[in-house]
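Provide a 3D model corresponding to the input given below.
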Amino acid sequence: MNMSTLKNVLFVPHGAPTFALDSGAAGYAIARIAGEFPTPRAVLCISPHWETSTPTLGTARQLETIYDFYGFDERLYKIKYPATGCPELAVEIQKVLLENNFECLLDPGRGLDHGAWIPLRQIYPDANVPIVPLSLQGHAGPEYAYKLGQVLSELPDRGILILASGNLTHNLGDYRQIKAEAGTTPEYIQRFADWLHEMLSEGDIDSLINYRKINKDGARAHPTEEHLLPLFVALGAAGKEARAQAFYRGINDYVLAMDAYIFRA
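Modelled structure (predicted):
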């Protein structure tokens, strides 16, 4: 297979909100990978922190920075990411979804939650690329997210960067217990991230979609699925011939696998 073509699709971690203050090696890798992509017409951003029952696109001209967390360092609440929206593109994408039998709504008031603005600050720190946020259907599962991505697969060839934000592991219950007990990272975190890496490298979409059934660590790694589902949107958008390539692998905050992927076809 010719693996030379880089798709306009990214899966990146957003970590805990503190990732915005101390992004470390993962943040450096994300900032550096931005240079591999030509400046896109706009970014379609999928974050696990905007969940709706029906796919919804944000159409605001100016996107509010949303602080959808509490109890963190006060510096976080002073960060602004003054991104502009692109309502014309949102309407264009809505048409694509509707033509492919996906319901799709528009929200003129939606801004950028921390799952969106934290990685966007690393990729485009000057907020000089228009952003269209797309909501996630956390209840609908991996196969739905993958099919949604497939419908969006024409967008990367039209100069749109699809940015899927999440984490390969996300068990906050384990995080609280480990932090309270001054513990260490459980073995399943790396084990599950390694398994995903293997399946992604092989392009084994069926195994990925059925991860909860066939991998003993899947349900513990994701008590709820919303932080992994953006990966499936990215997989669908990249196309069946694409292969995921990790450009960063690591763990933050005991339980957050911060692996990041580009896609080549």
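
Where does residue 54 sit: helix, strand or coil?
Put simply, residue 54 is coil when judged by DSSP: H, G, I helix; E, B strand; the rest coil.

quick one, phi/psi of the nearest residue to it once chain neighbours are set aside?
Setting aside the residues directly before and after it, residue 54 is nearest to residue 103 in space (CB to CB, 6 or more residues apart in numbering), at 4.8 Å. Every residue, glycine included, has its C-beta placed from N, CA and C. Main-chain torsions, residue 103, degrees, to the nearest 10: phi -60, psi 150.

Can you get me a residue count around residue 103?
Residue 103: 11 surrounding residues under other CB atoms under 10 Å.

low-confidence ranges in this protein?
Filtered on pLDDT under 70, the chain yields the residue ranges 1-3.

biggest strand in it by residues?
Counting residues, the longest strand found in the chain (DSSP state E) is strand 42-51.

Check which strands are paired with it and give the direction for each one.
strand 131-136 (parallel), strand 160-166 (parallel) (DSSP bridges).

Pretty sure residue 19 sits in a helix.
Yes. Under three-state DSSP, residue 19 sits within a helix.

Nearest residue to it in space, ignoring adjacent ones along the chain?
In space, residue 19 is closest to residue 118, 5.7 Å off (CB to CB, 6+ apart).

For residue 163, see how far away the one you found is.
According to CB to CB, to the nearest Å, residue 118 stands 11 Å off from residue 163.

tell me, what residue is most central in the chain?
Nearest to the mean C-alpha position of the chain, counting by CA atoms, centre = their mean, stands residue 165 at 1.6 Å.

got the residue ranges for the strands in the stretch 1-150 of the chain?
Along the stretch 1-150 of the chain, the segments classed as strands by DSSP state E, counting those that start in this stretch run 6-13, 42-51, 56-58, 105-107, 131-136.

quick one, the second one and strand 6-13 angle?
Here the directions of strand 42-51 and strand 6-13 differ by 30 degrees (axes from the mean of the first three to the mean of the last three CA atoms, to 10 degrees).

if I pick the residue nearest to the centre of the chain, what's in contact with it?
By CB atoms under 8 Å, 6 or more residues apart in numbering, the contact set of residue 165 is 11-14, 45-48, 115-116, 118-119, 230.

Relative to residue 13, how far out is it?
Relative to residue 13, residue 165 is positioned 7 Å away (CB to CB).

Mind listing the shared neighbours of the two?
residue 119.

In this structure, where's the longest helix?
helix 187-202 (DSSP state H).

Alpha carbons of it, as CSV, please.
C-alpha atoms of helix 187-202 as CSV (Å, rounded to 0.1, in the frame of the first residue of the first chain):
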residue,chain,number,x,y,z
GLU,A,187,-1.5,-2.0,34.2
TYR,A,188,-4.7,-2.0,32.1
ILE,A,189,-4.1,1.6,31.0
GLN,A,190,-1.0,0.8,28.9
ARG,A,191,-2.3,-2.7,28.0
PHE,A,192,-5.5,-1.3,26.5
ALA,A,193,-3.6,1.6,24.7
ASP,A,194,-1.2,-1.0,23.3
TRP,A,195,-4.1,-3.1,22.0
LEU,A,196,-5.8,-0.1,20.3
HIS,A,197,-2.4,0.7,18.8
GLU,A,198,-2.1,-2.8,17.3
MET,A,199,-5.6,-2.8,16.0
LEU,A,200,-5.3,0.7,14.5
SER,A,201,-1.9,-0.2,12.9
GLU,A,202,-3.6,-3.3,11.3
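
Going by neighbour count, which residues in that helix are buried?
Buried residues in helix 187-202, counting neighbours by 16 or more other CB atoms under 10 Å, are found at 188-190, 192-193, 195-197, 199-200.
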